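1. Here you go, sequence then predicted model.
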Amino acid sequence: MSNDVNGVALAVFIFFFLGVTVMGFMAARWRAAENSENLDEWGLGGRSFGTWITWFLLGGDLYTAYTFVAVPAAVYTAGAAGFFAVPYTILVYPLIFTFLPRLWSVSHKHGYVTTADFVRGRFGSKGLSLAVAVTGLLATMPYIALQLVGIQAVLDVMGVGGGENTNWFIKDLPLLIAFGVLAAYTYSSGLRAPALIAFVKDALIYLVIAVAIIYIPIKLGGFDDIFAKAGDALSETNDAGKPRGALAPGDASQWAYATLALGSALALFMYPHSITATLSSRSREVIRRNTTILPLYSLMLGLLALLGFMAIAAGVKVDNAQLAIPQLFEDMFPDWFAGVAFAAIGIGALVPAAIMSIAAANLFTRNIYKDFLRPDATPAQETKVSKLVSLLVKVGALAFVLTMDKTVAINFQLLGGIWILQTFPALVGGLFTRWFHRWALLAGWAVGMVYGTVAAYGVASPTQKHFGGSQKEIPGIGEIGYIGLTAFVLNVVVTVALTLVLRALKAPQGVDETSPEDYTADVGDPGVAAELPPATAGAPGGH
């Protein structure tokens, strides 16, 4: 990889970056309400987005720069094991079809802004709500950091910032500028900024993948040659006598592959940013339609993963696998189109980073600040706090990226996936039944969190002594599997067992402020808070 600046690619990158920056600030006036000083407007875009805006927003939210860089990087490193992301995104859409419309309905009826709002209202437990909120914050921070890693990978390949011996400030200045711009328009425009920019982001990504999947194989001699070269490279053994990877998972890795795909599918829509994009929709039907058309992104993801094999066949050599795909684009594309591809990755980082920071800020504001620190906070005060926290979250993510090794950021994001999966019983279980006891859910969550964290701490990698991965032997089975799914099973077992005990002891269950008809309500139904901010639309306030 050269340290020379690719001027043409950089110019194209800057052109698109400036374009979306302008769009980000203009978004403050896009569909703006007369009173924007409430979380419904700043944090959920007025709950007004239709099918296509929601589709682009969810796509921009779920298919990030991390996806663009890390999925083919995993294929580049280990072969077909990196394809686990494809089946899990196929599994997730039938799953969310069953519960997201219910969450949308009850959230609009009661003015809920976060998943923790719903959990508090459903189970009458601030403690359980706090657990869900803190888990969401912990899981989101490294995810935001990875978006900045994606931008940094592109800048490194373009030669921006100089070599490794360059003064740290000069080297990281481009990333600092990108961060500053992101922070500014997110603060100003809220969720409307990433919603508007998502159109550009997804259009660029689809364009780049369509060109890459045709143009690069032509230059490399076709897919037969690509798979042959990739197979040969992956079969080479390391110093320990083990192959680098394989074109197809072997018998020994099938449990790991299957459990990782299933666990990731269960976890994806537990992330706060996924729910934020969902609750911004204007109707229940918009959610249902989106679950049927979002699988188009899975097709894109499958093609994207193939770039990992292409990088191997093209002879790309990088010390950090996250640079493999940007370097492939640099080597294969004309400079001007490499700039377009880099812009797609860069903008693919800005959109989800903005949504994630907003989602994390909403969690803090509604479920920590309002519930525990300032129960009488006005909607305007909530919005002000949320804006400030969104800046602090980004600063934390930036510090994480600048002070820690990039592989650490990736492994902590994997740990975040283990954590966020432990909120599944309270959220999804609560959408269908009130049978689970709030104390049992809290105990199950704690067991899952402790087991998942301790198990992940014991996993080593070539670059880390601890938290080096997310797979370990499954107790009682003896196969290697996804730690998050094992922790989830323990969570459910503890929750069910303790619920039986607590119900037998007639322990107080808390007040459920929802009713069965709330879970199927839609815009236009009596009492649905479609247009009003939470504090004035029948929201529970500070319980």
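-> All right, it came through fine. If you're wondering where the values come from, they're calculated on a predicted model, not measured in any experiment.

2. all contacts plus neighbour counts: C-alpha atoms, from now on.
-> Noted.

3. Show the end-to-end separation of stretch 356-375, please.
-> End-to-end distance for stretch 356-375: 24 Å, by CA to CA, to the nearest Å.

4. contacts for it?
-> Contact with stretch 356-375 is made by 39, 43, 113-114, 116-117, 126, 129-130, 133, 136-137, 140, 143-144, 186, 190-191, 272-273, 276, 376-377, 382, 385-387, 389-391, 393-394, 541-543, as judged by CA atoms under 8 Å, 6 or more residues apart in numbering.

5. what are the ranges of the strands in the stretch 351-500 of the chain?
-> Counting by DSSP state E, counting those that start in this stretch, the segments of the stretch 351-500 of the chain that form strands are 471-473, 480-482.

6. Please pull out the lowest mean pLDDT helix or strand from the protein.
-> helix 168-189 (a mean of 81; mean pLDDT, DSSP states H and E).

7. Flag every buried residue along stretch 179-199.
-> Under the neighbour-count criterion of 16 or more other CA atoms under 10 Å, stretch 179-199 has 179, 181-183, 185-199 buried.

8. likewise stretch 503-521?
-> Neighbour-count burial for stretch 503-521, counted by 16+ other CA under 10 Å, picks out Q509, T514, D518, Y519, A521.

9. Same question for stretch 398-417.
-> By neighbour count on 16+ other CA under 10 Å, the buried set for stretch 398-417 is 398, 400-402, 406-417.

10. how long is it from one end to the other?
-> Stretch 398-417 has its terminal residues 20 Å apart, counting by CA to CA.

11. Between the buried residues of stretch 398-417, which sits nearest V501?
-> The closest of the buried residues of stretch 398-417 to V501 turns out to be G417 (CA to CA; 29.8 Å).

12. Got the phi and psi for G111?
-> Per-residue torsions, G111: phi 70, psi 30 (degrees, to the nearest 10).

13. mind checking how far the residue positioned nearest the centre of the chain is from H273?
-> Centrality entry for the chain: nearest residue to the mean C-alpha point is L62, 5.4 Å, by CA atoms, centre = their mean. From L62 over to H273 the distance is 9 Å, taken as CA to CA.

14. now do E517
-> Going from E517 to H273 by CA to CA gives 26 Å.

15. now A324
-> On the measure of CA to CA, A324 and H273 end up 27 Å apart.

16. for V493, same thing?
-> 28 Å.

17. Then L175?
-> Applying CA to CA, the value for L175 to H273 is 23 Å.

18. Between the two, which has more neighbouring residues?
-> H273 (27 against 21; other CA atoms under 10 Å).

19. Report the secondary structure state of L328.
-> Recorded secondary structure, L328: helix (DSSP: H, G, I helix; E, B strand; the rest coil).

20. Ignoring the adjacent residues along the chain, who's closest to it?
-> A311 (5.7 Å; CA to CA, 6 or more residues apart in numbering).

21. Can you give me the pLDDT of the residue found closest to S36 once you drop the neighbours it is linked to in the chain?
-> Using CA to CA, 6+ apart and skipping the chain neighbours, the partner closest in space to S36 is W42 (6.5 Å). Here the pLDDT value assigned to W42 is 91.

22. F25 touches S188, doesn't it?
-> Yes. With contacts counted by CA atoms under 8 Å, F25 reaches S188, the gap being 6.8 Å.

23. can you give me the helices for the stretch 401-543 of the chain?
-> Assigned by DSSP state H, counting those that start in this stretch, the stretch 401-543 of the chain shows helices spanning 406-421, 424-432, 438-457, 483-504.

24. Can you lay out these as TSV showing mean pLDDT and distance to V92?
-> What follows is the helices of the stretch 401-543 of the chain, written out as TSV (pLDDT from 0 to 100; distance: least, CA to CA, whole Å):
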stretch	mean pLDDT	distance to V92
helix 406-421	84	13
helix 424-432	97	13
helix 438-457	97	21
helix 483-504	97	15
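
25. Just put these in JSON lines and tack on distance to R29.
-> Converted to JSON lines, the helices of the stretch 401-543 of the chain look like this (distance: least, CA to CA, whole Å):
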{"stretch": "helix 406-421", "distance to R29": "34"}
{"stretch": "helix 424-432", "distance to R29": "34"}
{"stretch": "helix 438-457", "distance to R29": "41"}
{"stretch": "helix 483-504", "distance to R29": "42"}
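
26. I'd like to know which of those helices lies nearest to I53.
-> Ranking the helices of the stretch 401-543 of the chain by distance to I53, with CA to CA as the measure, places helix 424-432 first at 25.0 Å.
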